[in-house]
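**Student:** Kindly return the folded structure for what I paste below:
(2 chains)
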Amino acid sequence: MIKKVFKNILFLEIVDGLSLTFKHMFVRAVTEQYPRKKRVLPDTYRGILSLQKYDDGTERCVGCALCEAACPSMAITVVSGEDEKFPQRRFSREYYIDITRCVFCGFCVDACPVDALAMTKVYEFSSYDKNDLLLNKKSLLSLGDTIAKGGGMTPVERKYKFPMEGETNKIESKKEEALILC
Amino acid sequence: MDRAGEREFKSISLVIDGKAISVPEGTLVIEAARMLGIEIPYFCYHPKMDPVGACRMCLVETGGRAKLITACTTRVEEGMTISTDSISARKGQKDVLEFLLTNHPLDCPVCDKGGECPLQDNTYKYGPAVSRFTINKWGFKKPVELGPYILLDRERCIMCMRCTRFSDEIAGHPQIGVINSGRGSEIGVMHGQEFNSIFSGNTIEICPVGALTSKHFRFSGRPWEFKNRPGICANCAVGCNINWTIRRHEILRVLSRENPDVDDGWLCDRGRFGYTHINSPDRLTSPLIKRNGGLVPAGWDEAISYAAQRLDEITLKHGNESIGGIGSPTLTNEEAYLFQKFMRKVVGSNNIDHWPKGNGAIIEKLFEGSSKNDLRRFAYSHLDEADLIFLVGTDISGEQPVLDLRLKKAVRKRGARLIILHHGKTDLTRYSSPWLKYKEGEEMLPIELLKRIILKGAKEEEIEEEIKGEAEAASFSARLVYEAGMALSGSRRTVILLGNNLPDGLIHAMFDLASGIIGQSGEQRDDQWISLGLLMGHANSQGVLDMGLDPDYLPGYVRIDLDGPRARFETAWRYSLPRAKGLSADEMLNGGNNGAIRALFMMGSDQPSVQSSNNTLDLKREGIEFLLVSDITLSDKARMADVVFPSCTHAEKDGTFTNAGRRVQSFQKAIRPVGNSLSEWQILCNLAIEMGEPFNYLSVSDIMDEISTLVPSYKGINYPLLGDKGIQLP
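**Tutor:** Numbers count the residues shown, from 1 in each chain, chains lettered A, B, ... in the order given. Take a look at the predicted model:
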C-alpha cells in the first residue's frame, strides 16, 4: 500500500513509458515513407494480372478458359474463337478481368497451361472510375508489355517476377535460386 | 419372326463382380453390367450399333479364360463369372489407355471436347497418371475438311470407328471409312469426295474424342460454361427432341435429346446446324411502323394501339369480313388457337388460314368418318413393328430426314419390305422392292391398278393390258405393280405414308384402298392392321390444322357452317361466331380477292422450316390497305407491312408442337427474348385488350387448358402431363 502511494507520487509509470520512447530514438525506423520511398517486394508478390506474349510478339493466350474455370470470384470472362491471322488456331477473341472482384489468389496463373497469365508487382492501380478497373485484353497485354521489359527470364520465372515501377530490382540471390528450382 | 420371339425369353444367368443377374440370351456383357449399375469403360461401344471391339477399353476378366475379354463384343454365357475391377482387368484397362494416349495429343485446353470428353474422363478414372512413351507423337496436318460441316483432327482420333459405323450402319451413307492399316490407319473420305450426308452431324456428337469437330461450333466455348436446355426442333415436321447449348443467352450448338418414340437419339444436319437465325444480327428488336414510306422503330404501346386503331377503322368502313389473317405453320398450338380465336371473336371474321398449306384436313375428315379399328392413325412407333412400308409420293429422306433413319432401321435391321411410289429417285428407292416410278402428275394410274389387283383380284395379264394403253405415263412394268399389290394384300402390319402435296383424289383413293384391304381380310386375322398417315411439311402443320387455323374448320375440325357443333364454341367463348364462309390463304394473298380483304394480319415467321422449302410467298399488296405482320426478321412480307411486330423464335417461348406422327410435345423458353420481341400469344393478348375484347390468359398453359376442354383429341392434355417426352394423340 505504501509502495503504491510512493509510486504514484513519484510518477514512476511515466518514467517507464518514456524510457521506451527514449530507447526507440536509437532503433531503426519501421515506418516507410511510402509515396516517396517504395519498398522492395518479395518475388512472389501477387499484384495486378497481366497477359503475356512470346518473344516474337505473338500472344500466348489460347483461349482455353481454364483461368475462368479456376477463378473463385468469377472475375474472368473469356470469349474464344478462331484466330483470323492463324486459321485453325484457338485464341481469346475477348478477355476481361474485373479486377474489383479479383481476390489475387493466383489460381488463374496456376491453371494457365501456356503461362499466358502472370501476376505483376503492381499494386498502384486505384482509380476514380470503376470502369477503368474492368481490364480488357488490350489493357492486360499492355500491362504485360510495359512491365516485362526486363527480359532474359524464362516463362516460369516471369510469372511472378515483375519489378514494380520505381522499385530497385534488388533480388536476394538465395530467393532467386529457390524460385528457379521450383 | 416367331423363332426370334421365343429366343428372347431364354434367359442366361451370370455373375458380375459378385452380383448375380439373369439377362436374355444374346445380351452383351457390357449391357448386362450396365443393368446391374456396374460401369465398364468403353469408347467404341454404342447401344444402337453393332459391336466391333475396336478400342479394347472394356477389357474384363472372366473365370476360366486366361486372357482378358472385351465386354462389348462378348455375349453372355450360362454361369459366366465376370470381374470388372480385378487387378488384371484394371491393369488391362490402364495399359490400353496408355497405348491410346501414345499418339493422342494432350491439347485438351484448346480441344472442343475438353470437359465433356470420354477419353479425358476415363483417363482420370482408369488411366495411368504419366506416360512412359517419350518418343515424339504422331504429327499430322490438321484439321482435314471432311464435309461442309465437319473437320477431322487425325491426331486426336483413337480409331473407335463409331463415325464410320454410324454412317454405314445407321445412315446408310458409307462416305467415310478407314484408310491405311495398323498404326497408320486414319479416318477419311475417298479422294475427291466429301462427307455430305444429311446425318453427318451425328458423328460429331458420338465421337468420344475431339477428332470430329463442328465448323460452326468450333472454338466457341468450353463445356463448363454452358447450360443445356431442352427444346424441340422446328426445322421440319418430325419434331426431334433437342438440347440447346446456351452461353449467356446465346445458342451455340444443338445436341440431340433421345426420345425413343420420335428421334431415336439422332438429328439431321438441317436441325443440328439450323439455329443461326435465332441469334442472328438481323433479328427485329422493336416494333416498326411505316411512316413517310419507311419503317421506323416504335414502342410496343404505340405500335399496338396504332394497329388496333387501323383495324377498327377498316372494320367500321368495310365490315368485319374485310379483315383476314394468315398464320405460319411454325406457330405453336397455343398461338394458332389464340390467333383463330382472335380473328373469329375479336375481329369477327372467318378469313383465317395458314400458309403454306398441305391437305392434311382431308385425311382428318376421312378418319372421322371411318370406324375401323384396324385402320390406325400413323405414329412413328408403327414403323418399328411394320412388315411392309408403302411410301406414296413422299421423299422422306429430304423432307423428314430423321424419320428416314427409322425407316432404314426397319428395312435393314428387321427386314421389313419397302414399296415406293414416287416419280423421282430418292435416297430410299435403292431399298425398295419394287419402286413404282410414274410420270409426275400421273400418280392416279398406279393407285387405280393397285386397287384393281387388291380389291377386284385382277391378274397380272389384265394389268399388262391396262398399262399398254398408258405406256407413256407408266415407267413400271405390270409385274412390279402386281408384286406390290400382292405384297400389300398379304402383309399383316402395313404402314402407308402419303406425301404432303398429293392431289385430293389420290388421298381418297389411298384411304379407300387401305380400308378395302382391312375389310377384305379383317375377319381372318386378328393382328392385322394398317397404319395410314400423311406427312406434313412444317414444324406444326398438324397442330395449326388441329387448332382450326383454317377458314372451314373450328378447332378439332368442327365445321364452321354447321350450327350444332359450333354452339359448343359459342358457349365457351361467350360470343356468336361469324357464319359467312371465309377466304383461303391463296385468295387472301392474291391482292385481297378483288377488294374483299382490306386488312391482312400475317402472323408468325417463315423461319426456319418454311423458308428452306420450295415455297415462295407471292403476296400482292394492291387492294390491301393495311398489312400487319409479326416476324422475327425483316423478311419480304415484313418489308411490305404497315406495322411489324417483332416476335420470338421457338427457343425464346413456351409452347407445344404437334409433329407429323401426331405427338404433342412441349418446349420451354431456353433463352431470353432477343431485344423487345414478344411471343405471338402475348402480342395477340395485347392487341385484344386494345380492341376491347381482352383474353384472360396468364401463360400458355392457360391456353392449353382451354384447348383441352374444346378439342376432343387434345382432351386432358396439360403441361405437367406432357413432360419431356410428349403425348401421342389417339
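**Student:** Run a quick neighbour tally on the residue of the stretch 451-600 of chain B found nearest chain A.
**Tutor:** As assessed by C-beta to the nearest C-beta, chain A sits closest to B:A539 within the stretch 451-600 of chain B, at 31.1 Å. Where C-beta positions appear, they are placed from N, C-alpha and C, glycine not excepted. Applying other C-beta atoms under 10 Å in any protein chain shown, we find 29 residues neighbouring B:A539.
**Student:** what's the closest non-adjacent residue to it?
**Tutor:** Nearest non-adjacent residue to B:A539, counting by C-beta to C-beta, 6 or more residues apart in numbering or on different chains: B:A234, 3.9 Å away.
**Student:** Also B:D353?
**Tutor:** Excluding the flanking residues, the one nearest B:D353 by C-beta to C-beta, 6+ apart is B:A585, at 3.9 Å.
**Student:** again with B:R156
**Tutor:** In space, B:R156 is closest to B:A211, 4.3 Å off (C-beta to C-beta, 6+ apart).
**Student:** Quick one: residues contacting the one you found.
**Tutor:** For B:A211, the contacting residues are B:152-154, B:156-158, B:187, by C-beta atoms under 8 Å, 6 or more residues apart in numbering or on different chains.
**Student:** which residues does the nearest residue to B:E78 once chain neighbours are set aside contact?
**Tutor:** If the residues on either side of it in the chain are set aside, B:E78 comes closest to B:I12, at 5.3 Å by C-beta to C-beta, 6+ apart. By C-beta under 8 Å, 6+ apart, the residues touching B:I12 are B:22-25, B:27, B:76-78, B:80.
**Student:** Next, work out how far apart B:I12 and B:K67 are.
**Tutor:** In this view, B:I12 and B:K67 are 21 Å apart by C-beta to C-beta, to the nearest Å.
**Student:** Identify the neighbouring strands of the longest strand anywhere in chain A in the sheet and state each direction.
**Tutor:** Taking DSSP state E as the assignment, the strand of chain A that covers the most residues is strand A:90-98. Paired with strand A:90-98 in the same sheet, following DSSP bridges, are strand A:76-82 (antiparallel), strand A:134-135 (antiparallel).
**Student:** on contacts alone, who are the packing partners of the following helix or strand past it?
**Tutor:** Using DSSP states H and E, the helix or strand that follows strand A:90-98 in sequence is helix A:107-111. Where contact means 3 or more C-beta pairs under 8 Å, 6 or more residues apart in numbering or on different chains; DSSP states H and E, helix A:107-111 is packed against helix A:66-70, strand A:117-119.
**Student:** what residues does chain B put near chain A?
**Tutor:** Within chain B, the positions near chain A by C-beta under 8 Å from any C-beta of the partner chain are B:109-110, B:114, B:142-143, B:218-222, B:224-225.
**Student:** Lowest-confidence entry in those residues?
**Tutor:** Among the residues of chain B next to chain A, B:K142 carries the weakest pLDDT, at 79.
**Student:** Let me see the contact set for it.
**Tutor:** Counting by C-beta under 8 Å, 6+ apart, B:K142 makes contact with A:88, B:152-155.
**Student:** about what we covered before: how about the residue nearest to B:A539, what does it touch?
**Tutor:** By C-beta under 8 Å, 6+ apart, the contact list for B:A234 reads B:330, B:539-540, B:608-609, B:650, B:657.
**Student:** Now tabulate the residues you listed in a markdown table and tack on secondary structure and pLDDT.
**Tutor:** Shown next, in a markdown table, are these (DSSP: H, G, I helix; E, B strand; the rest coil; pLDDT from 0 to 100):
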| residue | secondary structure | pLDDT |
| --- | --- | --- |
| B:T330 | coil | 92 |
| B:A539 | coil | 91 |
| B:N540 | coil | 92 |
| B:P608 | coil | 76 |
| B:S609 | helix | 72 |
| B:H650 | coil | 93 |
| B:F657 | strand | 96 |
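**Student:** Report the beta-bridge partners for the residue nearest to B:E78.
**Tutor:** Per DSSP bridges, the residues bridged to B:I12 are B:V23.
**Student:** ok, it to B:D261 distance?
**Tutor:** 29 Å.
**Student:** Next: A:C102.
**Tutor:** 50 Å.
**Student:** Then A:E94?
**Tutor:** A:E94 is 42 Å from B:D261, by C-beta to C-beta.
**Student:** Comparing those two, which residue is more hemmed in?
**Tutor:** B:D261 (16 against 12).
**Student:** Could you find the closest non-adjacent residue to the more buried one?
**Tutor:** Spatially, and ignoring its direct neighbours in sequence, B:D261 is nearest to B:S381 (5.6 Å; C-beta to C-beta, 6+ apart).
**Student:** Let me know the secondary structure of the one you found.
**Tutor:** Secondary structure for B:S381, judged by DSSP: H, G, I helix; E, B strand; the rest coil, is helix.
**Student:** So which of the contacts of B:I12 wins on neighbours?
**Tutor:** Sorting the contacts of B:I12 by how many neighbours each has (other C-beta under 10 Å) puts B:V76 first, at 23 neighbours.
**Student:** Hmm, B:S22 and it touching each other?
**Tutor:** No. Assessed by C-beta atoms under 8 Å, B:V76 is found out of contact with B:S22, at 9.5 Å.
**Student:** how deep is the closest residue to chain B within chain A tucked in, by neighbour count?
**Tutor:** Closest residue of chain A to chain B, C-beta to the nearest C-beta: A:C64 (3.5 Å). Here the number of neighbours of A:C64 (other C-beta under 10 Å) works out to 27.
**Student:** ok, now the one 10 residues further on?
**Tutor:** Residues contacting A:M74 under the criterion other C-beta under 10 Å number 9.
**Student:** Repeat that for the one 3 residues further on.
**Tutor:** Number of residues near A:T77 (other C-beta under 10 Å) recorded here: 19.
**Student:** tell me the SS of B:K290?
**Tutor:** strand.
**Student:** Run through the bridge partners of it.
**Tutor:** The residues listed as beta-bridge partners of B:K290 by DSSP bridges are B:L295.
**Student:** okay but it is in contact with B:R639, surely?
**Tutor:** No. Taking C-beta under 8 Å as the definition, B:K290 is not a contact partner of B:R639, at 10.0 Å.
**Student:** hmm, back to that, turn the contacts of B:A234 into JSON lines, including distance to B:F342.
**Tutor:** Formatted as JSON lines, the contacts of B:A234 follow (distance: C-beta to C-beta, whole Å):
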{"residue": "B:T330", "distance to B:F342": "18"}
{"residue": "B:A539", "distance to B:F342": "21"}
{"residue": "B:N540", "distance to B:F342": "17"}
{"residue": "B:P608", "distance to B:F342": "25"}
{"residue": "B:S609", "distance to B:F342": "23"}
{"residue": "B:H650", "distance to B:F342": "20"}
{"residue": "B:F657", "distance to B:F342": "20"}
